[in-house]
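Undergrad: task: produce atomic coordinates for the following.
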Amino acid sequence: MADAKSRILPPDVAEKAKEHLLDTFAAMVSGSELPPAKVALDFARFNGGEKTVTVVGSDLLCGPADAAFVNGMLAHADETDDSHSPSHSHPGCAVVPAALAIGETFGIDGKHLLRAIALGYDIGTRVSMTLGGLQFQMKTHRSSHSIANNFGAAAAWSARYQIW
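TA: Numbering: from 1, shown residues only. Here you go, the predicted model:
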């Protein structure tokens, strides 16, 4: 993670990060009209706080953490978000909203955004796979989805400390 800001993404990794960004953004848009979105958008409307980061598929702005949370709910609302079988997770609905919120807050460029996304996917899925993925979930009744997503979002969020 410490070297993420100075490493150039290999072309195939950068392309995959672009695909994850586009896929998750499309999932946010498609989920923005569904019942879970109503709950998320109501949260964004009534939570107050700063109005600096875009909530996808709406005219709402809210703080970075709230925007990442709401956009994550939109991304997962209709189950069209991506999945990663080895880690038994859906990393995009947490990683991409966190990276977008940080990007909008700190004005990071496209290369930095893609690095944040790649880092989030890498860290989140590795943590879940290290624990055992589906087998871990079955043995412990702890969600591998939430573990991968929380670590992935935190790693993507760490991009704020890597602004160059």
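Undergrad: mind checking how far the residue lying closest to Ala159 once chain neighbours are set aside is from Met73?
TA: Excluding the flanking residues, the one nearest Ala159 by CB to CB, 6 or more residues apart in numbering is Ala116, at 3.6 Å. (C-beta placed from N, C-alpha, C; glycine too.) Look at Ala116 and Met73: by CB to CB, to the nearest Å, they are 20 Å apart.
Undergrad: rewinding a little: got the phi/psi numbers for the residue nearest to Ala159?
TA: phi -60, psi -40 (degrees, to the nearest 10).
Undergrad: do you know the pLDDT at it?
TA: On pLDDT, Ala116 comes in at 93.
Undergrad: number the residues from 76 up from this point.
TA: Sounds good: first residue 76 from here, last item Ala191.
Undergrad: which ones are touching it?
TA: Residues in contact with Ala191, defined by CB atoms under 8 Å, 6 or more residues apart in numbering, are 79, 173-174, 177-178, 183, 231, 233-234, 237.
Undergrad: repeat the analysis, applying 6 Å as the threshold.
TA: Neighbouring residues of Ala191 by CB atoms under 6 Å, 6 or more residues apart in numbering: 174, 231, 234.
Undergrad: just say helix, strand or coil for the first one.
TA: So that's Ala174. Of the three states, Ala174 takes helix according to DSSP: H, G, I helix; E, B strand; the rest coil.
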